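S.K.: make a model of this:
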Amino acid sequence: MMVQDDIKNYSIPEHWLLWSLIDMPESLFSPLLSTESKKIKMIDPGHRNYDNGPDLLGAIIEIDNIRYKGDVEVHINQEDWFRHGHNEDQRYRSVILHILWNKQDICDDLALRFHHLILSSHLKLPLKKWRTKMLELEKNEPCQKYQNYNLDTLNSQKLERLAKKRFRKKVDRYKSWIDCHSFDDILHISLAETFGYSKNKSTFQLLFKEFPPSRIFQNIPTLQRSPLTIWIFLSLKANFLNNNIINNHFVRGQKELKFIHEIYNQFKQQGHYPVLKLNDWYFSRIRPANNPILRMAALSQILYQYQSPSLFEELLIWARNRLTPIQLLQKWQACLQLEIQSQLIAVTKKIFHINPSSPKTIGINRFRQFAINGILPIMLLWGHRTENYGFVQYIEWLYEEFPSVEDREFIKKYLPFLPDTNMKKKVKERGFYQQGFLEFINTRRNLSFKNRKQYLTT
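M.R.: I've put the predicted structure just below:
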């Protein structure tokens, strides 16, 4: 077997391990051997689980000529099993094989529970070539579900109507929150949703509706506030930190961990407790940079930065200057793209072994998605509430002139399905038309589901 160098220098998504094992078995040396040198043969991989729970369900595996039927879980390191709360989650009780990327000694608790396979030790290709191949697969992943949506019926006028409809829906959504939250609280709830990405969006929303900035700062004295103390408070509420984690990682002489131990216990003594379960969070099948623990660190940095004036007030000041879309986006991006405190990054690395690829709180594409989905509709709502209709017209104009929001992968995947060159150019360059396209896809998806449901019930 080839020895792979510098494995830890690369970011390896968990689903790449599944792709290699199931879709590209020729990329692996045979036979597969467990950490105990037992031969592993995949008889039937079962089916992939795109929800919470083990990655493969109902797999049939032969280990040393003995057949097992159960589930398969994939992680980069064995510590992820405990960090994600699987040891206390009944959905993982039927796991028969644990696939890991990094080679390491398996702890007794896991070694006695199921067999382990270190996939990086079985690669035929050099690591760089294998990684390049995986990146190519990411780019060329088929998008069959969009081929049946009659995209040839689209035209520019229809996309414009759909984009405006999508914007109104977002404004109405935030309007339903305004009786319970301030504009700044709503902005932070929307930002938390953005940081939650697709998997943890609703969980972040639940947490920040319960603890928006106004309530967070009620519980942390002014002189005690720092990005780290805010992160400790939110991580306690989110159940990222608990007594076991705190006690296991409290090491005398490590200043950051000693501080966490003290602040965590202080919050506990004040009667604070988790409002979420660890099982409410998704950790599997997400990129390392999207880990909710890291996203919480970024949110904590932004919360600390904008105590007074608030984030909403700061963004509003720039919007009221009536800048061009590009100028305004540059100012807004500078407000949100902050450096995460080095002490906070060190803590997430020491406790959770998570090392961010960038110390910035938010990337360019994610910022633009937050601007078009969160900032603009909230600003429009503020304009209506204050009867500042000139400002309302300005925000509507910004939305219509908004530059591209989606990343290159979105453009590459979906542009070929559009009917003509002019529309492809508009969707490629303008976030406004991208919003209309997304609304069209969602409408078609809902219609397909409705037709299927009617068919099944007749």
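
S.K.: please count neighbours and contacts with C-alpha atoms only from this point.
M.R.: OK.

S.K.: so Glu387 sits in a strand?
M.R.: No. Assignment of Glu387 by DSSP: H, G, I helix; E, B strand; the rest coil gives coil, placing it outside any strand.

S.K.: let me know the pLDDT of it.
M.R.: Turning to Glu387, the model gives it a pLDDT of 96.

S.K.: what about the longest strand in this protein?
M.R.: strand 66-75 (DSSP state E).

S.K.: flag every buried residue along that one.
M.R.: Buried residues in strand 66-75, counting neighbours by 16 or more other C-alpha atoms under 10 Å, are found at 69-75.

S.K.: likewise for stretch 309-316?
M.R.: So for stretch 309-316, counting by 16+ other C-alpha under 10 Å, buried means 310-312, 315.

S.K.: need the max-distance pair from these.
M.R.: Pairwise distances across these (C-alpha to C-alpha) peak at 8.8 Å, for the pair Ser310 and Leu315.

S.K.: contact partners for Lys209?
M.R.: Ile189 (C-alpha atoms under 8 Å, 6 or more residues apart in numbering).

S.K.: so where is this protein shaky, pLDDT-wise?
M.R.: Scanning the chain for pLDDT under 70 picks out the ranges 1-11, 50-52, 139-152, 247-256, 285, 409, 412-413, 444-458.

S.K.: what's the domain layout of it?
M.R.: Using automatic domain parsing, the domains assigned to the chain come out as 7-139, 177-403.

S.K.: of all those domains, which one is nearest Gln157?
M.R.: Here domain 177-403 is closest among the domains of the chain (C-alpha to C-alpha), at 12.7 Å.

S.K.: endpoint to endpoint, stretch 339-358 covers what distance?
M.R.: End-to-end distance of stretch 339-358 (C-alpha to C-alpha, to the nearest Å): 9 Å.

S.K.: quick one: buried residues of it?
M.R.: 340-341, 344-348, 351-352, 354-356.

S.K.: so which of those belong to strands?
M.R.: Counting by DSSP E, none of the members of these fall within strands.

S.K.: which of the residues you listed sits closest to Ala334?
M.R.: Ile340 (13.6 Å).

S.K.: thought that closest one was touching Lys360?
M.R.: Yes. Between Ile340 and Lys360 there is a contact under C-alpha atoms under 8 Å: 5.9 Å.

S.K.: which residues do these two both contact?
M.R.: Ala298.

S.K.: what about the helices in the stretch 51-200 of the chain?
M.R.: Ranges of helices in the stretch 51-200 of the chain, per DSSP state H, counting those that start in this stretch, are 79-83, 108-111, 127-139, 156-175, 183-210.

S.K.: what about the second one, distance to the chain center?
M.R.: I take that to be helix 108-111. Offset of helix 108-111 from its chain centre (C-alpha atoms, centre = their mean, to the nearest Å): 29 Å.

S.K.: output the contacting helices and strands for that helix.
M.R.: Other elements packing on helix 108-111 under the criterion 3 or more C-alpha pairs under 8 Å, 6 or more residues apart in numbering; DSSP states H and E are absent; no helix or strand qualifies.

S.K.: residues in contact with that helix: which ones?
M.R.: Nothing outside helix 108-111 qualifies as a contact, by C-alpha under 8 Å, 6+ apart.

S.K.: buried ones in that helix, by neighbour count?
M.R.: Buried, per 16+ other C-alpha under 10 Å, within helix 108-111: Leu110.

S.K.: also the third one?
M.R.: Residues 127, 130-131, 134 are the ones in helix 127-139 that count as buried (16+ other C-alpha under 10 Å).

S.K.: how about stretch 90-109?
M.R.: Under 16+ other C-alpha under 10 Å, the buried positions of stretch 90-109 are 92, 94-103.

S.K.: now that stretch, how far from the centre of its chain.
M.R.: Its chain's C-alpha centre lies 23 Å from the corresponding centre of stretch 90-109 when counted by C-alpha atoms, centre = their mean.

S.K.: same deal with stretch 388-407?
M.R.: What separates the centre of stretch 388-407 from the centre of its chain is 26 Å, taken as C-alpha atoms, centre = their mean.

S.K.: returning to what we had before: who's in contact with the longest strand of the chain?
M.R.: 14-15, 17-18, 54-62, 81, 92, 94-101, 284.

S.K.: need the buried residues of strand 66-75 in TSV (columns: distance to His115).
M.R.: Formatted as TSV, those follow (distance: C-alpha to C-alpha, whole Å):
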residue	distance to His115
Lys69	13
Gly70	12
Asp71	12
Val72	10
Glu73	11
Val74	12
His75	13
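
S.K.: what is the neighbour count of His181?
M.R.: Neighbourhood size, His181 [other C-alpha atoms under 10 Å]: 16.

S.K.: how close does it get to Ile216?
M.R.: Distance from His181 to Ile216, by C-alpha to C-alpha: 13 Å.

S.K.: and the strands in this protein?
M.R.: Under DSSP E, the chain gives strands at 32-33, 39-44, 47-48, 56-63, 66-75, 95-100, 115-118.

S.K.: Lys428 is nearest to which of those?
M.R.: strand 47-48 (32.3 Å).

S.K.: that closest one pairs with which strands?
M.R.: Sheet pairing here is set by DSSP bridges, and for strand 47-48 it gives strand 56-63 (antiparallel).

S.K.: can you give me how far the partner strand is from the chain middle?
M.R.: Distance, centroid of strand 56-63 to centroid of chain: 28 Å (C-alpha atoms, centre = their mean).

S.K.: that one versus strand 66-75: what angle between them?
M.R.: Here strand 56-63 runs at an angle of 130 degrees relative to strand 66-75 (axes from the mean of the first three to the mean of the last three C-alpha atoms, to 10 degrees).

S.K.: between strand 56-63 and strand 95-100, how big is the angle?
M.R.: 90 degrees.

S.K.: contacts for strand 56-63 next, please.
M.R.: 38-49, 67-73.

S.K.: at 10 Å instead, please
M.R.: Contacting residues not belonging to strand 56-63 are listed as 18, 32-34, 38-50, 67-74, 94-97, 115 [C-alpha atoms under 10 Å, 6 or more residues apart in numbering].

S.K.: over to stretch 378-398?
M.R.: By C-alpha under 10 Å, 6+ apart, stretch 378-398 touches 164, 167-168, 170-175, 178, 183-184, 186-187, 190, 312, 315-316, 319-320, 322-326, 328, 371-372, 375-377, 399-402, 432.
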